[in-house]
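In: structure for this input, please:
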Amino acid sequence: MTVVLMVAEKPSLAKSLADILSSHRAVSHKGNGGCTVHEYNGTFQGQPVHFRFTSVMGHVMTTDFPAAFNNWDAVKPIELFTAPVEKKESNPKSHMNRFLRDAGKGASYLVLWLDCDREGENICFEVMDAVVPVMNKSVRGKTVFRAKFSAITAKDVKHAMETLGEPNKNESLAVDARQELDLRIGCAFTRFQTRFFQGLYGDLDSSLISFGPCQTPTLGLCVERHDKIQHFQPETFWTLDVRLGRPQGGSDFKAEWGRVRVFDRTVGSLFLDVVSKAKGARVVSVVQKEKSKSRPGALNTVELMRIASSGLGMGPQYAMTIAERLYMQGYISYPRTETTAYPENFDLRGTLSELRGSRQFGQLVAPLLSGGMVSPKGGKDVGDHPPITPSRAASEGELTGDMWRIYDLVVRIFIASLSPDCKYLQTTATFDLGGEEFTCVGQKVISKGFTSVLHWIGPDEGAQSIPDLTKGDICTVASCKLAERRTSPPSYLTESDLISLMEKHGIGTDASIPVHINNICERNYVKVESDRRLVPTELGVVLVHGYYKIDQDLVLPTMRSALERQLDLIAAGKADFEEVLLHAVDIFQRKFAYFEQHVQEMDELFSVSFTPLSETGKALTRCGQCMRYMKLVQAKPVRLHCQTCNETYSMPQNGKVVEYKGLRCPLDNFEMVMWTTVSTTRLLKAWPSILAAMHVPTRHASTPWSPMACVHASSVALAPWSSTPQVPQRCPFVLTKTMGDEAGSTVLTQGVTNTRTTPCPPPVCSGEWHAI
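Out: Below is the predicted model:
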């Protein structure tokens, strides 16, 4: 029977799609790792076929340099701009390429159900590269199809199956260009900065001094606001605080001074004297005007992240993770979209009807279905996906915690976008008090409209209550005083503010914006504080100021937004992939060369803010070359530094390093140290704790640490009958497992003992570490 292979982007999505298309008749069996294969019979293009539905787990391939260029010591950073790049498996352990070849062997047709964005298009071609060579070659005509869908509903999925298209090569090339540019630019600058500054300073507290074409301008926006706050000079001003009594009696109310404030106390006192002598405040005018607060537009990704951060206190990356989970389970439509306009053929009433039976939302949609629904606001259609909408009804018991909060937000914004505007009456009363003008403004809601759904947005009726006044009324002066205040600086950017600025300046895409914000937090460039405000660290501030001194283009958003426009042209088929790539690489290569020549200008700022490596840390063990004590630097990255030899040696991270019994390595005379770390729960089954004794390596800190390397390559031999390395008597150290209280722990001991002995591990890392 003819076989049709169908591939989704995630295992859970493959199951949902297979259930819909097979009417829950699909038979499932384990495939590769976390992927499952769902099989069922059906019809395709009018002929009976056997469907085989499976998935990948995100990108199958990744762009990287060949192994020879991943050695920080052997390759100069500037060489990375011209180094070859290649595609490697994203997760070699999953053997995804082999799995796809096995699943597609002999298939006549391939249907791609990857996410409908640029990344999804790129994964389409990764899947095709693996599957097409093993497909049935006897089939003539079109054999590869692309399904376009926006929601995991029976209607959307079946429509996509009936209207199959083709994968978009141009959009895939745009992703390839971005991946290669980010790799070349990011790695070159990151390697150079990390080696240069970590070799000079000991308290940077960051494993990598990274640079990214999007990450760095994102950090620049945070530091720009920080600089405004630091340079802000508060000024003292004076204002008149006046409260007036109601003509009919009752509680008093506040009136705002028309001049707002003055910056001279003497002048303020003169106005206070004039106002205090007035016998009352005469009503000059009372103006009432009906106003409206406009309903929200359709929800897109950026707005979802912004509201989730400001309203729900969720980080943008976490919020999108929750939204994607809701999408996979069929509760909301595809959450990655830039479009804010509903398509003309979008079934708004049908989507509302899905919510009619909901206990939480039924009362909110009933008035709309009864004739109260209004046309949605006009928005922007960028041709990717419809706005984010609910796909089916759910209850708070069905979805719990943050999944319910995001779902509730999506549903409420959808309902609000089809609800009438909020209408309210604004009353403005103007008073004359001793020749000075004062005003009072109050609001009264006429029709709540959409604010009955988004109740936190409506006008604040309780902020000010204005009595019934007519022109000519006299209000008594309940109190009048001169208040001294100071101007205040702007606040630090919230995540919501930063997302809006990134969208405005074209930094990143709806998919990458949360990643860039998360990166600057993980790199210790900014800290997320109360109200989700982003406060730059000393390291983040110094980096940005250093870029401004050398080349401000590296930190301003203009270069990245220009590059994004070029990538958009590739996606639209209006620009050549190779030409854009060569042009961008050439520009950044020149900028890197200039940056490398002038890095001392940035170092001048580092030297003021951070402590030299030689003055950091505490003495731990003796150096094997000069026999003086080396210092252990605890700040990231953990390392040992010998001030006399000016050598730095990397240590394993995320653990505790202590001296080990005063033993010395007989080969190079370095004292032994022990690294201890508490393992995860999963690893506790095999190792209650990990104890490692090692001698210090002889390479720079950038050399990767391997816990399975052994410096005794010359003393490790293979017996003719065994593939297991044996431990000759002359090897001064062996790996042993001790009994008693330390059973299950692994330590390094001297000499061959009578305890359970494990062979000395093979030299897998050029013998750099004598470690376990």
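In: quick one: the residue most central in space within the chain from S500, how far?
Out: The centroid of the chain falls nearest to V515 when counting by C-alpha atoms, centre = their mean (2.4 Å). From V515 over to S500 the distance is 17 Å, taken as C-beta to C-beta, to the nearest Å. Every C-beta, even on glycine, is put in place using the N, C-alpha and C of the backbone.
In: so for the host helix or strand of F431, what's the average pLDDT?
Out: Taking DSSP states H and E as the definition, one finds F431 inside strand 422-433. For strand 422-433, the mean pLDDT works out to 92.
In: for D402, helix, strand, or coil?
Out: With DSSP: H, G, I helix; E, B strand; the rest coil as the basis, the three-state label of D402 is helix.
In: hmm, I322 and it touching each other?
Out: Yes - D402 sits in contact with I322 when judged by C-beta atoms under 8 Å, with a separation of 5.3 Å.
In: please identify which of the two sits among more neighbours.
Out: I322 (21 against 17; other C-beta atoms under 10 Å).
In: wait, that one touches L399, no?
Out: No - applying C-beta under 8 Å, one finds I322 not in contact with L399, separated by 9.9 Å.
In: all helices of the stretch 501-650 of the chain, in order?
Out: Using DSSP state H, counting those that start in this stretch, the helices of the stretch 501-650 of the chain run over 513-522, 538-550, 557-571, 577-597, 599-609.
In: between those, which one is nearest to T63?
Out: Closest to T63 of these, according to C-beta to C-beta: helix 577-597, at 11.7 Å.
In: pull out the buried residues from that closest one.
Out: F577, V580, L581, A584, V585, F588, Q589, K591, F592, F595, E596 (16 or more other C-beta atoms under 10 Å).
In: which residues touch it?
Out: Contact partners of helix 577-597, identified using C-beta atoms under 8 Å, 6 or more residues apart in numbering, comprise 77-78, 81-82, 173, 176-177, 180-181, 184-185, 188-189, 192, 213, 550-551, 553-554, 563, 566-567, 569-570.
In: can you list the buried residues in stretch 271-287?
Out: Going by neighbour count (16+ other C-beta under 10 Å), the buried part of stretch 271-287 is F271, L272, V275, G280, A281, V283, V286.
In: what is the end-to-end distance of that stretch?
Out: Distance across stretch 271-287, first residue to last, is 26 Å (C-alpha to C-alpha, to the nearest Å).
In: that one: how far from the chain's middle?
Out: On the basis of C-alpha atoms, centre = their mean, to the nearest Å, stretch 271-287 sits 55 Å off its chain's mean C-alpha point.
In: state the mean pLDDT of that stretch.
Out: Here the average pLDDT along stretch 271-287 is 92.
In: list the contacts of that stretch.
Out: 240, 242, 244, 255, 259, 262, 427-438, 469-477, 480-482.
In: can I have the buried ones of those residues as a PyMOL selection?
Out: Selection of buried members from those for PyMOL, criterion 16+ other C-beta under 10 Å:
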select buried, resi 240+242+244+255+262+427+429+430+431+433+434+436+438+469+473+475+477+480+482
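In: out of the buried residues of stretch 271-287, name the ones that lie in helices.
Out: F271, L272, V275 (DSSP state H).
In: how near is the second one to G297?
Out: Relative to G297, L272 is positioned 47 Å away (criterion: C-beta to C-beta).
In: again, but for the last one
Out: Taking C-beta to C-beta as the measure, V275 and G297 are separated by 46 Å.
In: return the distance of the strand holding F431 from the chain's centre.
Out: In terms of C-alpha atoms, centre = their mean, the gap separating the centre of strand 422-433 from the centre of its chain is 45 Å.
In: that strand pairs with which strands, parallel or anti?
Out: strand 281-293 (antiparallel), strand 436-447 (antiparallel) (DSSP bridges).
In: strands along the stretch 51-200 of the chain, start to end?
Out: 61-64, 86-89, 109-113, 144-146 (DSSP state E, counting those that start in this stretch).
In: in the first one, which residues are buried?
Out: Residues of strand 61-64 classed as buried by neighbour count (16+ other C-beta under 10 Å): M61, T63, D64.
In: list the contacts of the residue nearest to the first one when sequence neighbours are not counted.
Out: By that I understand M61. Leaving aside its sequence neighbours, M61 sits nearest to K87 (C-beta to C-beta, 6 or more residues apart in numbering; 4.3 Å). K87 makes contact with M61, T62, T63, D64, E126 under the criterion C-beta under 8 Å, 6+ apart.
In: tell me which of these is nearest to P376?
Out: Taking C-beta to C-beta as the measure, P376 lies nearest E126 of the contacts of K87, at 37.1 Å.
In: measure the nearest residue to that closest one once chain neighbours are set aside to K105 for me?
Out: Nearest non-adjacent residue to E126, counting by C-beta to C-beta, 6+ apart: V60, 4.0 Å away. Distance, V60 to K105, by C-beta to C-beta: 17 Å.
In: so, low pLDDT: which residues of the protein?
Out: Residues of the chain meeting the criterion pLDDT under 70: 33, 460-465, 678-772.
In: residue most distant from the centroid, it?
Out: Distance-from-mean max, the chain, by C-alpha atoms, centre = their mean: K279 at 61.6 Å.
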